[in-house]
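Trainee: Predicted model follows, preceded by the sequence.
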Amino acid sequence: MPTVGVGAMVLRNNRVMLGERKGSHGAGSYAWCGGGLEFGESLEEAVARELEQESGLVLTRAELFCVSNIREYDRHYIDFEFLVEATGEPVNREPHKSGPWQWYPLDRLPNKLFRPVEIALRSHRRRRPGQVVYNE
């Protein structure tokens, strides 16, 4: 049975916040904050929780921009990606799950991106303002 995932793309000054994944599916690839939807949560609540839990950033705005049917890493999940604004400076609050958070220019990203992040970035580049891109 597919599960539900969420991701938080934090952009500041045309740079995106990424960390290297550890000890989970996609280990060694770079991703932004995200995780699974918990029972009873809204998508926005899940994004806010994951963002604060992993980086200490506090969500101030979330805009859904990408929905994907992900079948990678021997998993299947429906992934909801949000472009977010947040206050604070990132701190790696889960060092056992991710390397330190770093800011990368959109035109100079790490070579190995987590598959949902790769799909979301491609969707972000091609979408019109306010559009939600759906990926099969």
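Mentor: That came through, no problem. Numbering: from 1, shown residues only.
Trainee: the longest strand in this structure is where?
Mentor: strand 58-70 (DSSP state E).
Trainee: Downstream of that strand, the next helix or strand is which one?
Mentor: strand 77-87 (DSSP states H and E).
Trainee: Tell me which stretches of this structure form helices.
Mentor: Secondary structure of the chain (DSSP state H): helices at 43-55, 115-126.
Trainee: do you know which of the ones you listed lies nearest Lys97?
Mentor: Set against Lys97 and scored by C-beta to C-beta, those come closest in helix 43-55, at 7.4 Å. Placement of C-beta: from N, CA and C, glycine included.
Trainee: Buried residues, that closest one. List them.
Mentor: In terms of neighbour count (16 or more other C-beta atoms under 10 Å), helix 43-55 has its buried residues at 44, 46-52, 54-55.
Trainee: Of these, just say which sits nearest to Phe82.
Mentor: The nearest member of these to Phe82, counting by C-beta to C-beta, is Val47 at 5.0 Å.
Trainee: quick one: the closest one from Tyr104, how far?
Mentor: Distance of Val47 to Tyr104, given as C-beta to C-beta, to the nearest Å: 20 Å.
Trainee: How about Gly19?
Mentor: Counting by C-beta to C-beta, the gap from Gly19 to Tyr104 is 10 Å.
Trainee: Alright, I will stop here.
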